[in-house]
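Undergrad: from the sequence below, what's the structure:
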Amino acid sequence: MKGCNGIAKAESLNLFNVKIHSYFYIRGEVKMTVRAHVYVAGRVQGVFFRWYTRDEAEKLGVKGWVRNLPDGRVEAVFEGEKEAVERMIEFCRRGPPAAEVENVEVRWETPTGEHKGFKIRY
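TA: As a prediction, the model looks like this:
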């Protein structure tokens, strides 16, 4: 389990929720990686929602993507440390200054580690 420079990684399976969580041990701290798939409804397109989301994700070290949907919602995937992903969800609940968020739907998923950064999808 232990890697170089005090970094170790382990994965555990929760049989009741059927979700795999990744845990990273870094210099005495255990960090849990999570993934949230988020849908944001309201006045969220044409108000720079995607750009603010990308900037916030980059500040927090969250990986994933954000895009506009044809039905007027914004869809995003956030993957990273649990606290950082929760902060991204809270950001989505209030949105950037010109947004009027009416509803945020969150689906917790199994982390994949597939993203290298945070992108705006078109």
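
Undergrad: make it CA atoms for all contacts and neighbour counts henceforth
TA: Fine.

Undergrad: show the low-confidence segments of this structure, by residue range.
TA: Applying pLDDT under 70 to the chain flags the ranges 1-30.

Undergrad: doesn't residue 120 make contact with residue 57?
TA: No. The criterion here is C-alpha atoms under 8 Å, and residue 57 misses it with residue 120 at 11.0 Å.

Undergrad: more neighbours: the two, which one.
TA: Here residue 57 and residue 120 are compared on neighbour count by other C-alpha atoms under 10 Å; more neighbours surround residue 57, at 25 against 14.

Undergrad: report the buried residues of the one helix or strand that one maps to.
TA: In the assignment (DSSP states H and E), residue 57 maps to helix 49-60. Applying a neighbour-count criterion of 16 or more other C-alpha atoms under 10 Å, one finds 49, 50, 52, 53, 54, 56, 57, 60 buried in helix 49-60.

Undergrad: quick check, nearest of those to residue 38?
TA: Ranked by distance to residue 38 (C-alpha to C-alpha), those are led by residue 53 at 11.8 Å.

Undergrad: now do the closest one against residue 31, distance only.
TA: For residue 53, the distance to residue 31 equals 23 Å [C-alpha to C-alpha, to the nearest Å].

Undergrad: check contacts around the most centrally placed residue in the chain.
TA: Closest to where the C-alpha atoms of the chain average out (C-alpha atoms, centre = their mean) is residue 78, at 1.6 Å. By C-alpha atoms under 8 Å, 6 or more residues apart in numbering, the contact set of residue 78 is 35, 36, 37, 38, 62, 63, 64, 65, 85, 88.
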